[in-house]
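Asks: Build the 3D model from these lines:
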Amino acid sequence: MPHITLPPNVPGIRSLFVFRPDTGGALCDLAQTLLYNPHPTLSAGERETIAAYVSNLNTCKYCTNSHAAIARHQLGEQAGIVKQVLADPETAPVSDKLKALLKIAARVQSGGKNVTEDDVALARAEGATDIEIHDTVLIAAAFCMYNRYVDGLATWQPEDGELYDKMGELRAREGYHNSSSTQLIT
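Replies: Numbers count the residues shown, from 1 in each chain. Okay, here's the model as predicted:
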């Protein structure tokens, strides 16, 4: 049961966006920029995978499930890699560059000062650019905030995997700006 009075049947962060549309709009804008808008080199599926991975490290069920579903829809035929990344990014069939970026994301999740020169040097050696390193750190930091926001207010988190898949399909197609914010969508 949520710690504050939230709209019924509106899951996770969406219920918080309905509760405080002024802050919700800013958080949607950030998610839209980080995860959905065109990026010079990282695909939307890769960026969503980073978000799902950090959410999984933070044990935020809602954000893990919703962003993993979005990533699967963004990645299409490569959708199976999301589950593998969540289980063990080192053995997942992703590029060495993405593995290095995921390592940076994990360091940020455990504490921003845990990112080392060696982590950044490894990412660069694998071909990561400054914008990819920057955006990985920002995605990881933002998802630490989003995860704590969702879980800190004990939002309703559905158990139905098909619901997350439907929400993921919608977000992958439409992004984070959606006028139907009170519907069952992520």
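Asks: where in the protein is pLDDT low?
Replies: Confidence mapping of the chain against pLDDT under 70 gives the ranges 178-186.
Asks: What count of nearby residues applies to Lys113?
Replies: Residues contacting Lys113 under the criterion other C-beta atoms under 10 Å number 8. Glycine gets a C-beta too; all of them are placed from N, C-alpha and C.
Asks: cool, Thr23 as well?
Replies: Neighbour count for Thr23, taken as other C-beta under 10 Å: 12.
Asks: With Gln157 instead?
Replies: 17.
Asks: so what's the closest residue to it other than its chain neighbours up against?
Replies: Spatial nearest neighbour of Gln157, chain neighbours left out: Tyr62 (4.1 Å); criterion: C-beta to C-beta, 6 or more residues apart in numbering. Shown in contact with Tyr62 (C-beta atoms under 8 Å, 6 or more residues apart in numbering): Pro11, Gly12, Ile13, Val150, Asp151, Thr155, Gln157, Pro158, Thr186.
Asks: Go ahead and list the helix or strand containing Tyr62.
Replies: Using DSSP states H and E, the element containing Tyr62 is helix 61-75.
Asks: from the chain's centre, how far out does that helix sit?
Replies: Mean-position distance between helix 61-75 and its chain equals 7 Å (C-alpha atoms, centre = their mean, to the nearest Å).
Asks: Quick one: name whatever helix or strand follows that helix.
Replies: Once the chain leaves helix 61-75, the next helix or strand it forms, by DSSP H and E, is helix 80-87.
Asks: Now do that following helix: which elements does it pack against?
Replies: helix 44-57, helix 61-75 (3 or more C-beta pairs under 8 Å, 6 or more residues apart in numbering; DSSP states H and E).
Asks: could these go into JSON lines alongside distance to Cys144?
Replies: Listed next are the helices and strands packed on helix 80-87 as JSON lines, based on distance: least, C-beta to C-beta, whole Å:
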{"stretch": "helix 44-57", "distance to Cys144": "7"}
{"stretch": "helix 61-75", "distance to Cys144": "10"}
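Asks: Among these, which comes closest to Leu101?
Replies: Nearest of the helices and strands packed on helix 80-87 to Leu101, taken as C-beta to C-beta: helix 44-57 at 6.7 Å.
Asks: what sits up against the closest one?
Replies: 34-36, 39, 63-64, 67-68, 70-71, 74-76, 78, 81-82, 85-86, 89, 94, 98, 101-102, 105-106, 108-110, 135-136, 139-140, 143-144, 146-147, 172.
Asks: what's the answer for stretch 11-24, then?
Replies: Stretch 11-24 is contacted from outside by 2, 4, 6-7, 10, 25, 27-28, 62-63, 66, 146, 149-150, 153, 155-158, 163, 167, 181-182, 184-186, using C-beta under 8 Å, 6+ apart.
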